[in-house]
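[1] next one to model:
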Amino acid sequence: MDEEEIFNQIKNDPENKEYTVIGWDPLFAAPPTAEILIVGQAPSKKVQESNIMWNDKSGDRLRDWMGIDRNIFYDSKKIAIIPMDFYYPGKGKSGDLPPRKDIAEKWHPKLLDSMPNIQLTILIGMYAQKYYLNLQNNDKITDVVKNYQNYLPKYFPIVHPSPRNNIWLAKNEWFEEDVIPALQQNVKNIIKRSH
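    This next block holds a predicted model:
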């Protein structure tokens, strides 16, 4: 099954009817040639309205962290982006609501099957990490990210690049000193090999 077929299935799924009715499309990118997969949380309101994933301050920081420009990110067909939910989930008490629970289970395996060349999956934030790394409820994201080597070469867990995490970043200087250079090297190796 290809990207377009999956897109149509998601869009026509009764579970997503409320979004389809208001004219929202499911947001993901799954080119069959992708070699790096980014699994995030769910689109922000700004992203959902622009229909371009990671098209916000968080996306700018994510591209900096990966060491790539918008051109490689959007146009190279080397980067896939699959959130844990394909639609903006709405506003909660502190930030956006969490992604709906069963979406990843239902759709991620189909999308992964359509991309046989993925070499690295970047897991952004708690929801993606819990799902893909089978974490326990008491596992702390800070510890998971600090011990990122334990999950390589398949997975690379990082914190969310949202400005909401500026305080965390200031407290955990090791992230930008140690983790980001390692992430950039991993991304660079894959992109370079495929050019």
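[2] distance from the chain centre to the lengthiest helix in the chain, please.
    The residue-count maximum for a helix in the chain (DSSP state H) belongs to helix 180-193. With Cα atoms, centre = their mean, to the nearest Å as the basis, helix 180-193 stands 17 Å off its chain's centre.
[3] which residues does it contact?
    35-36, 65-68, 72, 76, 78, 119-120, 122, 148-149, 152-153, 156, 158 (Cβ atoms under 8 Å, 6 or more residues apart in numbering). In short, each C-beta sits where N, CA and C put it, glycine included.
[4] ok, 6 Å please
    35-36, 65-67, 119-120, 156 (Cβ atoms under 6 Å, 6 or more residues apart in numbering).
[5] what do you get for stretch 85-96?
    Contacts of stretch 85-96 (Cβ under 6 Å, 6+ apart): 10, 19, 24, 26-28, 42-43, 45, 48, 97, 99-100, 103.
[6] if you rank those residues by neighbours, which is first?
    P43 (29 neighbours; other Cβ atoms under 10 Å).
[7] next up, the contacts around Q119.
    35, 190.
[8] distance of it from E3?
    19 Å (Cβ to Cβ, to the nearest Å).
[9] what does W24 give?
    18 Å.
[10] repeat that for D113.
    11 Å.
[11] which one of those two has more residues nearby?
    In this view D113 and E3 are compared by other Cβ under 10 Å, and E3 has more residues nearby, 17 against 11.
[12] does the more buried one really touch A30, like I thought?
    Yes: judged on Cβ atoms under 6 Å, E3 makes contact with A30 at a distance of 4.7 Å.
[13] what is the mean pLDDT for stretch 90-100?
    Computed over stretch 90-100, the mean pLDDT rounds to 88.
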